[in-house]
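S.K.: Just a sequence and a predicted model for now, questions to come.
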Amino acid sequence: MARITPRAPTVSAPRVFISYAQYSPQHLTRVLKLAEALRRHGIDADLDQFHRHELLDWPRWCQEQLQPGRSDWVLMVCSEPYRDRIENRVDPHTGKGAFWEGALIDDQLYQAKGDHRFVPVLLDDESEESIPAMVRGWTCFRVHAMDFTGPGFKDLYRLLSRQRDDPIPRKPTSGNTRTSSPPSPTSNRPHSWAPRERARAPPCAGSPPTWDAPSWPAPGAPCRSS
């Protein structure tokens, strides 16, 4: 098993901002647990729940947190309400914060012509359909356990801390192109057996058609995996 090395306190901690939708106490708790777990292991994770009792201009605060000078990474904790609010599928008075953050993220993706900082995260069994379209094609991490016992959290931590303990597969050296032998004179001869008879339409009574090619899979048989 690859070894994960928590960051030493003397090393500059990666700064991470967590973007998500507030829609249920259970979801707020799971997102908070993710932030706390990252902080325990040397990641400077921040989210609005750490600033509940402060007097803040929230739209401006969110805008500042999303800037590259303030956060190295932005975790987008995806859920159906988060996607719907970012993509403006809900009532205009619902989810203004997530919609605002989504507009800022979309603008940064456009300006950068790609994604270098925004990381979609799915908690537990959240559907992949909950990922907003703007980041659906990028690497996503599914997190169940909020510690290194879960591969999702471990891989996410590797990305945020820029660690790679597993060897990177390398392309093997290309060999020389082989020259194939010319086909034998008999290779293009027509087959000696009679052609197959075309399958007949089943009678109206509903009996199944007969399959006169024994090598074909029977109807309903699973397809072979390539």
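M.R.: In hand now; what should we look at?
S.K.: Report the central residue of this protein.
M.R.: Cys140 (2.5 Å; C-alpha atoms, centre = their mean).
S.K.: hey, what's the residue nearest to it when sequence neighbours are not counted bridged with?
M.R.: Leaving out its chain neighbours, the residue that sits closest to Cys140 by C-beta to C-beta, 6 or more residues apart in numbering is Pro120, at 4.3 Å. To be clear about C-beta, it is placed using only N, CA and C from the backbone, and glycine gets the same treatment. Taking DSSP bridges as the rule, Pro120 bridges to Met76.
S.K.: Quick check: the closest residue to Asp48 other than its chain neighbours vs Thr149, distance?
M.R.: Take Asp48 and drop its neighbours on the chain: the residue closest to it by C-beta to C-beta, 6+ apart is Trp58, 7.4 Å away. Applying C-beta to C-beta, to the nearest Å, the value for Trp58 to Thr149 is 35 Å.
S.K.: CA atoms only: put stretch 75-91 into CSV for me.
M.R.: Backbone C-alpha positions of stretch 75-91 (Å, rounded to 0.1, in the frame of the first residue of the first chain) are rendered in CSV as follows:
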residue,chain,number,x,y,z
LEU,A,75,-13.4,21.8,-3.8
MET,A,76,-16.8,21.8,-5.3
VAL,A,77,-18.9,19.4,-3.1
CYS,A,78,-21.5,18.4,-5.7
SER,A,79,-25.1,17.5,-4.9
GLU,A,80,-28.3,17.9,-6.8
PRO,A,81,-29.2,21.2,-5.2
TYR,A,82,-25.7,22.5,-5.8
ARG,A,83,-25.9,21.6,-9.5
ASP,A,84,-29.4,23.1,-9.8
ARG,A,85,-28.5,26.3,-8.1
ILE,A,86,-25.2,26.8,-10.1
GLU,A,87,-27.0,26.1,-13.4
ASN,A,88,-29.9,28.4,-12.4
ARG,A,89,-32.6,25.7,-12.4
VAL,A,90,-34.3,26.9,-9.3
ASP,A,91,-36.4,29.8,-8.1
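S.K.: buried set for the lowest-mean-pLDDT helix or strand in the chain?
M.R.: When each helix and strand of the chain is scored by mean pLDDT, DSSP states H and E, helix 96-112 comes last, with a mean of 91. By 16 or more other C-beta atoms under 10 Å, the buried positions in helix 96-112 come out as 97-102, 104-106, 108-109.
S.K.: Of those residues, which pair is most distant in space?
M.R.: Gly97 and Leu109 (18.8 Å; C-beta to C-beta).
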